[in-house]
Every structure is written in C-alpha cells, then in structure tokens.
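1. For reference, the sequence and a predicted model appear below.
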Amino acid sequence: AAACTLVSALVLYRLRVRCRGGGRALLEAGDLLVLGTLMLALANVRNELFLMTSMALALSDIQGEVAGPRARRPLALASLCTAALLAAIGCLAATVPAKTAIEESAAGALSSLAAAGAKPGDAVICDIDVGSELELAGYRPLLDTRAELFCPELNGGTDAWGAARHVLAGDENAIEGTGADFAVVPSGAYPALEDSLSGLGFSLVHDDGTFAVFARKPS
C-alpha cells in the first residue's frame, strides 16, 4: 500500500507538471531513484533509510516544478503537496503493527531460550529464519543471514553452509560438533533434526506452532 501511494504521488505530480507545460518527461532521474530505493526497501527493511533520503531529494525537486514561476502562490502549493504526501504516509504507517506475527513468535522463542538457561555467547542450533535475532540477542547462531557464511572464500575457507546442512539433516556427530546445548528452529521444519536432538538428550521447552525451542538442560 505504501509503495502504491508513493508511485501514484510521483506520477500525479509529473502529470501536473506536463499539463502545465513545465516538463517533458513523465519520470525523471529523481523519480527513478525513488522507485529503485523503494524496491530495495520492499525487499529488506534495512534499506528504508535510502528510501527516505531519495524521497527527500525528489520531493524538493517536485515542489520546485509543481510550484513553478507560473503559480500564484508557490509556497502554499508546495506546502500542500508535502502535507498531502506526509498525511498519506502517516495513515499507512499507523496501520502497520509494531511487530509481525513471526516477530512476536521469535520474541517468545528468545524468552523461552533464556528461561531454559541460555546465556549470552552460548551456541544455538538454528537456520536463517531466526539466526539474526539470536545474534542480536548475544547468542552464537548456527546460521544467520550474513552472505559470507555461504561463501567459503570469504569465510576463511570454512564451508559454514555444508556443516549446517549436516546439522539440520539430523547428523548427530555434526550436532555434537557445534557444542550447542540449545536449538531454535521453525516448528516441524526439520523432523530428522528434532529426532536426533531427542536422542541426544534435548527436550522441547517451547513450541507455539511457529518456532520450537529445544534445550539439553531445561530449567
């Protein structure tokens, strides 16, 4: 919805400029910059800062064109355009929940992990679905979303994904090789791993249907 609002605003502004004879191109370089950073922001929330920066640059250019020399009250018109865009974004932002259902589940899994006795620095078996959250919480995840983990050439020659693949497939020797006493994985995603964890003395301490937490020594 936010993407459609931004794209529509850009197109409407440019159409106004063309109708008033103040421009020839429907989309200009600044618009393409906004659309490009918008696609990046939709792909990953960490790119929203680039989107906001490009929007500020493009909005100043749009204001200058819409409220051009032919406008009777350029400042008022520019202010109206800015207020309309900010109001639209504000209304959309108000409908976005503070946390998604998956984020809420991940938070619950981290709480259960701490309740089971996990300490900062402990190794935790996981996949990339929750690895970054574990790393931010101070644990040592088996996998997170950093690209270098999947590239031995950038990871000291270590095939991190190869080792993780054996762990997630339920290889007991690989599991023990991690030195981990805890595991956080999507519920039901790795049945072979769950069977091996049970055989190695791990117990299920949390499962809300999204993430399951296992601990070798549950509290």
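-> Received it, and whenever you're ready, just let me know what you need. Numbering: from 1, shown residues only.
2. what about the helices in the protein?
-> Assigned by DSSP state H, the helices in the chain fall at 2-19, 29-43, 48-66, 74-94, 101-115, 128-136, 160-168, 172-178, 191-199.
3. Need the winner for burial among those helices.
-> helix 128-136 (a mean of 19; mean count of other Cβ atoms under 10 Å). (Glycine included, C-beta is placed from N, CA and C.)
4. what about this structure, any weak spots by pLDDT?
-> Counting by pLDDT under 70, the chain shows low-confidence ranges at 16-28, 59-78, 81, 92, 96-97, 147-148, 217-219.
5. re earlier: CSV for the helices of the chain, including distance to D208?
-> As requested, these are exported to CSV (distance: least, Cβ to Cβ, whole Å):
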stretch, distance to D208
helix 2-19, 29
helix 29-43, 27
helix 48-66, 28
helix 74-94, 27
helix 101-115, 6
helix 128-136, 13
helix 160-168, 20
helix 172-178, 23
helix 191-199, 15
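6. do you know which of the ones you listed lies nearest L149?
-> helix 160-168 (4.4 Å; Cβ to Cβ).
7. what helices or strands is the closest one leaning on?
-> In terms of contacts (3 or more Cβ pairs under 8 Å, 6 or more residues apart in numbering; DSSP states H and E), helix 160-168 is packed against helix 172-178.
8. Alpha carbons only: can I get the helix it packs on in PDB?
-> Only the C-alpha atoms of helix 172-178 are listed here, as PDB (Å, rounded to 0.1, in the frame of the first residue of the first chain):
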ATOM      1  CA  GLU A 172      24.300 -36.500  15.400                       C
ATOM      2  CA  ASN A 173      28.100 -36.100  15.100                       C
ATOM      3  CA  ALA A 174      27.600 -32.700  13.400                       C
ATOM      4  CA  ILE A 175      25.200 -31.700  16.100                       C
ATOM      5  CA  GLU A 176      27.700 -32.600  18.800                       C
ATOM      6  CA  GLY A 177      30.400 -30.800  16.900                       C
ATOM      7  CA  THR A 178      28.600 -27.500  17.300                       C
END
